[in-house]
Structure formats: structure tokens, C-alpha cells
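> got a predicted structure here, sequence first:
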Amino acid sequence: MIRNRVGPLLTLLALGITAACAPIGAPGVPGLSEADASARITAEAMRDRIGALAHDTMRGRDTPSPELDRAADWIADEWRRLGLEPGGEDGTFIQRYPFLQTGLQAEGIQLALTTPAGAHTLRYGRDFFVQGRTDETFDAAPLVYVGDPTGVPAATLRDQVVVVKTPGEWGRDFRILAGQQARAAHDGGAVGTVHIVEEAWTEEMMERYAGFFTQPGWGLEEAAEPAFPQFFLSRPAAGELFATADLDLDDVLASARAGELVDLPLSGVTALGAAPRVELQRAYPPNIAGVVRGSDPELRDEYIVLSAHIDHVGVGTPDERGDSIYNGADDNASGSAALLAIGEALMSMRERPRRSIMLLHVSGEEKGLLGSRWFVDNPTVPIEQIVANINMDMIAGDAHTDSVVVIGKDYSDMGPLVDGINERMPELNLTTSDDLWPEQRFFYRSDQFNFMRKEIPSLFFFTGIHECYHRPCDTVDFVDHSKAARVTRLALHSVIELANRDARPAWDPEGLEEVRTLTR
């Protein structure tokens, strides 16, 4: 049964032609004004494009999957039909990146420590779990407790195992803190970290996370090399270990202030096995890039990149209705459809913008922003010529019917530009809101993050998490197509004005400093 009924697509489906193989909408009509080109972005046109990408036949566009490749081919065909220049590799619209699935052999994971009373071996899945890996052993590596490794001078911790207290429950803030501690220890020369968690962490929790980190996972092939090992140690196991060295755990944890070190009468033999990582699959997922070439001879080699991720999470656990296809209509067929609509509008205009505009569909966002990470590290145009990024992700949710959250408005002069355009277009009936959820750090959680790593001024068009986020109910009938069209029109005018200005977009100095801190 086909649930995603998209009017113009029904005949195609009846003929056995999949939605993602057919052109959507008429070709561009060169000679239109900016206003007339914008007016062609309608709710109906957005519904058609979202429906094609979020159709059941696309099976949730997982990275990697045949359906993701089919969607990429369709978008490339659309760019070719509309006359965009290829922005991928080797004169094509496609850029592929190496993707590797690996697993970790749990039976090879060990953590043994030498105390004055002898060897003390900890039990994986009960006393500790591990994130990261190493194929080496660190026989007799000394342990040092550090109140806050971020305050320790570089190279102070060389060849030591750093012990830290990492408070909180498992979640985003906990992972960020643990990551900051591990990065600081690594930068100081440490060979690994031992994170002592709070007493509230039960044996069941330790076992659950141990299982999580040994499950197969996908990542960029270049990131599959041995990673800095982080051992997460339960409070009872840590107390028992310290007692064998005649140490009181609570006294030790309270003994060091930020930047102070306490040498421990412990040394480590850490081993994750001789060959703990098992290579399971290789794939080469696609990014898709088309370029609307600028009209100004002096500015046409500078690029405004408009990005959106095309992937979603595939097929998963059935919901209460038995539906197991996670269609991803809002997340992120909506942003991908916006790029298609903007590309068609730009190619229909009688006057092209002065700078070039790259329309970049990335994959692997749901696996950790991997496609955009690969693109900015391996750009198909000179990275110094990319002057701005606007990223569109989940733009059709209706929880805030007439609002779009433009995250990053205060970080650069692009925020006032977007606000000004919206004020001049009351017919859009949109409020360009500041970040409604600053505690969620959404500015660092979608593909604009990787452009920010390169200090490229960025904005994030977003309408928020909703009840169908990463659930099968995120279908074409769930989303607000009128809102998607209005947000897309705002993005079109914003990117045109950015492309036409004399000056490149510029960071606010305080905003740039925060970006540098959080993207290091």
C-alpha cells in the first residue's frame, strides 16, 4: 500500500516508474524576474519534490543504500536538465567518499592495572566500557589523576594514562565533557583516559553502553585508524581499585583543583586486543553538487554554498501501525526539495547573481555529518573561495507554523541581511526567529558545522524537532508544504542578495571566537 500519495506521481507509479526517476516540475523559463522566479516556488511544487524523495520506494535513503544512490542520480539528472554546471568530481555532479563499516571484538578488550598489591583486572561490560580503540598495549604506563586536564600545559601528560572524574548522566553534555577531557589529555601527550563516572551508573547501564560501543558502525575510512582510547570506569570498580593501592577514592577525587595533578601508585596495562577491529563493509556514498555560475567576471569564482542533507535513517523498528520505513519527509527531504526549487528558480532568471551559487546535497549527515565533513576537507572548488554557507535541515515542521529559526544570526552579518529581506516580504508571513533552543546547540549539530570548522560564515534554517522526528510518521502528509515553500523563497532571496553584495559575509568577532572554541 502506497501511503505517500503525491498527485502528479500517481500516473508515473501506475506505469511502474519510480518517483525518483522522473523529472518534477517544468524546466526553467529563462527571462523571469527574481520576483516571478520566486513565485514559482509553491506549496504544490514543494509537495511533489518532498513526496518523491520521501516515497516508500526510497526506503528512508539510508547511508549507504541503493535508494540513496538512486536519489542522487535523480538530483544529478535534474541539475543536468536545468542546465547547472557540474560541481562534483571529474566533470560530474557526484562526489563520492570512502565509507567503512567496522566492528569491535569485545573478547579482545582488556583493562588491567598494576597496584602495590599486584595485578587488578577489570571486567568489561560490568566494571568498564570503552570508546575508541588502540592496537597497542601500554605496559606499566603510569596513572595520574587530573582535576581538569583542559588546564594542563601541553606535553605535561606524555606517555601517561590520565584519570578524570566525569560527572553526569549519559547524554549530549556528558559526551561533550568526556570528549573535551580526552582531547586535552591527548594534546598533553597522554596515551589514554580513565573516566570515573557517578555512583548512579548501575551495572545494567555499564553493560548497555559496553554493548553499544561494540556494535558495528560506519565512519569515514580515514577515521577508522586507531583512536584515542577512553575507558569509562564505574564508581564501585574505581573504589575497589583505589583501595588495593591504599587510596580513598573520594579523597583522591577531591584532592586536585583545575590543572593540578596527583600521581597515583598505579600503572596500566591497557589492551584492546591485537586485532580488535573487524572490517565488515566498504561503500562510497554520494554528495551531489550543481553550480549556478555567477555573472560578474570578478566575483564568479567565489561561491555561496546552499546545503542540505539528502539521507535519512532507512528502515527500522516498526511503529504501532507496523510501518518500518522511516521516510524522512521533513528530515530532510524538505531541505533537499528546497535546493531543487531554488536551483530551478535561479536558472529561470534573466539576470544571474554576481557570485556563483553551489547547491550541495550531502549524505551521511545521520551518521555524523560525514558527507559535509568529507566535502570541506576535499572540496571540489577552492575552499578559500567559499564565502558563505546556508544549510537547510527540517524546514517543513508545523509546530511553529509561521516561524523559521535562523540559527547563527548573531554570529555574522548574514543574520541582519536575512531579517531585512523577511521584513521586506510580508507576503511570506514568516518570523525569522533567533535560536529557540540554545541549550541544544543545534548550530553545531547539522552540516553547517563543517563549514564553520573552516571559518566560513554560516546560517542554519531550521524549524525544530517534532513528534515524528526519526519516526515512520515523518511522511509527506505530515509536513507543512506551504511553510516549506515560504522558507524556501526566503532562502532564495537571501542567497541572491549575498551573492550580489560587493563584500563577502563577515563574522562577528565574538561569534567567530566561540566558533573557534567549539569546533576545534
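Alright, I've got the coordinates.
> contacting residues for the residue nearest to the spatial centre of the chain?
The centre of the chain sits closest to residue 369, judged by Cα atoms, centre = their mean, with a distance of 3.0 Å. When contacts are counted by Cβ atoms under 8 Å, 6 or more residues apart in numbering, residue 369 touches 446, 447, 449, 450. C-beta here means a position set from N, CA and C on the backbone, and glycine is covered the same way.
> ok, now residue 392?
306-308, 332, 334-335, 338-339, 461-462, 487-488, 491.
> which residue comes closest to it once chain neighbours are left out?
Distances taken as Cβ to Cβ, 6 or more residues apart in numbering place residue 335 nearest to residue 392, at 3.7 Å, with adjacent residues excluded.
> tell me how many other residues crowd that neighbour.
By other Cβ atoms under 10 Å, the residues close to residue 335 number 31.
> who are the packing partners of the host helix or strand of it?
Take DSSP states H and E as the rule and residue 335 turns out to sit in helix 335-348. Helices and strands touching helix 335-348, by 3 or more Cβ pairs under 8 Å, 6 or more residues apart in numbering; DSSP states H and E, are helix 34-39, helix 43-53, helix 66-82, strand 286-292, strand 303-309, strand 356-362, strand 386-392, helix 481-500.
> go with 7 Å
On a contact count with 3 or more Cβ pairs under 7 Å, 6 or more residues apart in numbering; DSSP states H and E, helix 335-348 meets helix 34-39, helix 43-53, helix 66-82, strand 286-292, strand 303-309, strand 356-362, helix 481-500.
> who's in contact with it?
Residues from elsewhere that reach helix 335-348 (Cβ atoms under 7 Å, 6 or more residues apart in numbering): 25, 28-30, 32, 37-38, 40-41, 45-46, 49-50, 53, 75, 78-79, 82-84, 290, 292, 306, 308, 310, 357, 359, 361, 392-395, 484, 488, 491-492.
> kindly report the same for stretch 199-210.
The contact list for stretch 199-210 (Cβ under 7 Å, 6+ apart) reads 124, 125, 126, 129, 170, 234, 235.
> at 10 Å what do you get?
By Cβ atoms under 10 Å, 6 or more residues apart in numbering, the residues outside stretch 199-210 that reach it are 106, 109, 123-131, 167-170, 197, 232-237, 239.
> likewise stretch 148-159?
Residues from elsewhere that reach stretch 148-159 (Cβ under 10 Å, 6+ apart): 138, 141-142, 144, 146, 162-165, 177, 180-191, 193, 256-261.
> restricted to helices, list those.
Judged by DSSP state H, the contacts of stretch 148-159 include 177, 180, 181, 182, 183, 184, 185, 186, 187 as members of helices.
> from these, which would you call buried?
177, 181, 182, 184, 185, 186, 187 (16 or more other Cβ atoms under 10 Å).
> for residue 98, find the nearest of the helices and strands packed on helix 335-348.
Distance to residue 98, taken as Cβ to Cβ, is lowest for strand 286-292 among the helices and strands packed on helix 335-348, at 12.2 Å.
> chain center to that closest one, what's the gap?
18 Å (Cα atoms, centre = their mean, to the nearest Å).
> with stretch 209-217 instead?
20 Å.
> what's near enough to touch the residue of the chain positioned farthest from its centre?
For the chain, the residue at maximal distance from the C-alpha centroid (Cα atoms, centre = their mean) is residue 117, at 46.8 Å. Contact partners of residue 117, counting by Cβ under 10 Å, 6+ apart, are 243, 244, 245, 246.
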